[in-house]
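*Asks:* Sequence and predicted model, in that order:
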Amino acid sequence: MLLSIKRIDSITEIMQKRANLKIRLSAIFLASTVGLLSTAQIAFSQQASLRIAAAADLQPVLPPILDQFRQSTGIAVEATYQASAALTSQILNGAPFDLFLSADLGYPKRLIDAGVADTAGSPDSSSPVTYARGTLVLWTRKDSHWPNPSLATLNDPSLKRLAIANPDRAPYGRAAIATLTSVKLIDNLKPKLVTAENISQAAQFAETGNADAGLISLTSARTEHLTSVGNYFVIPRDLYPPIQQGAVIITNSPNRQNAHKFLDFLLSHETQQELAKSGLTPVN
């Protein structure tokens with residue numbers, strides 16, 4: 001009988017040890033899981049994409065710069081390219097962007113005045129940060145009547161359709177109208193204007209033959225494809241107001257620190273030289 005009792009005690013002790021072991025293993029597993037979750041949450045937070053609203057003239061320019069920024073900082077970036085006016089309306093209506101890179105200073109200034117954006121540390125608290133200057137060009141296909149365009153092309157009666165960006169929504173469109181006004185051809189060419197939503201679409205109209213020529217951005221004209229199928233003439237800068245491109249950080253952005261990092265990266269000497277290669281004039 002005594003032997004049986006001892007056996008029962010031994011079995012009970014073994015079962016208790018097993019139970020304690022299970023508890024300890026469960027605790028270790030739980031701690032590890034919490035640690036993994038915390039690490040994943042931190043990693044997710046660090047990898048949250050920076051959201052940029054970018055003027056359409058930047059579409060050929062930004063992608064390699066965004067890749068360089070990601071490789072340098074580990075911060076992913078998503079860019080939406082549209083006319084500056086359209087992006088301004090979206091931001092005013094609460095679109096979740098962190099940074100706005102406009103093709104002019106007027107639209108980001110409007111956001112500052114509305115209290116939804118700030119100047120990202122600019123000495124002038126009332127103005128956006130100028131990150132580049134744009135250039136307007138006249139582009140034609142190599143197989144057109146004007147394989148080497150010039151100002152005289154605009155006065156040629158054979159020119160039936162001229163593509164421009166919407167002057168009510170795109171700074172390059174306003175520059176195009178200013179140019180035509182300066183050379184006193186606005187009245188003759190108004191019926192021939194093919195108005196695109198933004199500068200990228202204006203370039204597309206000219207490239208596809210939906211227009212005979214296009215007043216487009218140098219950034220578009222310098223793309224590999226447009227260089228291969230067409231030529232461009234740089235419009236003299238005294239024919240239109242300067243296209244100063246401005247940036248602001250959205251005030252309620254949860255990603256302001258990374259937005260500042262990208263703006264600093266954009267204004268760095270190395271990146272400014274990359275902008276120059278793509279057709280934008282550096283500011284430093």
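*Replies:* Looks like it came in fine. Numbering: from 1, shown residues only.

*Asks:* Okay, and residue 207 sits in which element?
*Replies:* helix 199-208 (DSSP states H and E).

*Asks:* Just the buried positions in that helix, please.
*Replies:* 199, 200, 201, 202, 203, 204, 205, 206, 207 (16 or more other CB atoms under 10 Å). No exception for glycine: its C-beta is placed from N, CA and C like everyone else's.

*Asks:* Pick the one among the residues you listed closest to residue 164.
*Replies:* residue 202 (5.7 Å; CB to CB).

*Asks:* Contacts only, for that closest one.
*Replies:* Contacts for residue 202 were tallied using CB atoms under 8 Å, 6 or more residues apart in numbering; they are 163, 164, 165, 172, 173, 194, 196, 211, 214, 215, 216, 220.

*Asks:* where do the helices sit along the stretch 51-200 of the chain?
*Replies:* 62-73, 84-92, 106-113, 151-154, 171-182, 186-189, 199-208 (DSSP state H, counting those that start in this stretch).

*Asks:* Point out where the protein drops to low pLDDT.
*Replies:* For the chain, the stretches flagged by pLDDT under 70 are 1-48, 120-125.

*Asks:* Distance of the spatially most central residue of it relative to residue 132?
*Replies:* Residue closest to the average C-alpha location in the chain (CA atoms, centre = their mean): residue 54, at 3.3 Å. Distance, residue 54 to residue 132, using CB to CB, to the nearest Å: 12 Å.

*Asks:* isn't the residue nearest to the centre of the chain right up against residue 81?
*Replies:* Yes. Residue 54 is within contact range of residue 81, at 5.2 Å (criterion: CB atoms under 8 Å).

*Asks:* Please enumerate the shared neighbours of these two.
*Replies:* Shared contacts of residue 54 and residue 81, counting by CB under 8 Å, 6+ apart, come down to residue 62.

*Asks:* Flag every buried residue along stretch 256-275.
*Replies:* Quick answer for stretch 256-275 (16+ other CB under 10 Å): 256, 258-259, 261-263, 265-267, 271-272, 274-275.

*Asks:* So which of the residues you listed are in helices?
*Replies:* Cross-referencing the buried residues of stretch 256-275 against helices under DSSP state H gives 256, 258-259, 261-263, 265-267, 271-272, 274-275.

*Asks:* quick one, strands of the stretch 101-250 of the chain?
*Replies:* 117-118, 129-134, 136-141, 162-165, 193-196, 213-217, 230-234, 243-250 (DSSP state E, counting those that start in this stretch).

*Asks:* Touching the fifth one from outside, list them.
*Replies:* Taking contacts as CB under 8 Å, 6+ apart, the residues outside strand 193-196 that touch it are 161-167, 173, 202, 204-205, 210-211.

*Asks:* Which one (most neighbours) among the residues you listed?
*Replies:* Neighbour counts for the contacts of strand 193-196 (other CB atoms under 10 Å) peak at residue 165, which has 33 neighbours.

*Asks:* Quick check: the gap between it and residue 195.
*Replies:* Residue 165 is 8 Å from residue 195, where distance means CB to CB.

*Asks:* Give the residues shared as contacts by the two.
*Replies:* residue 173.
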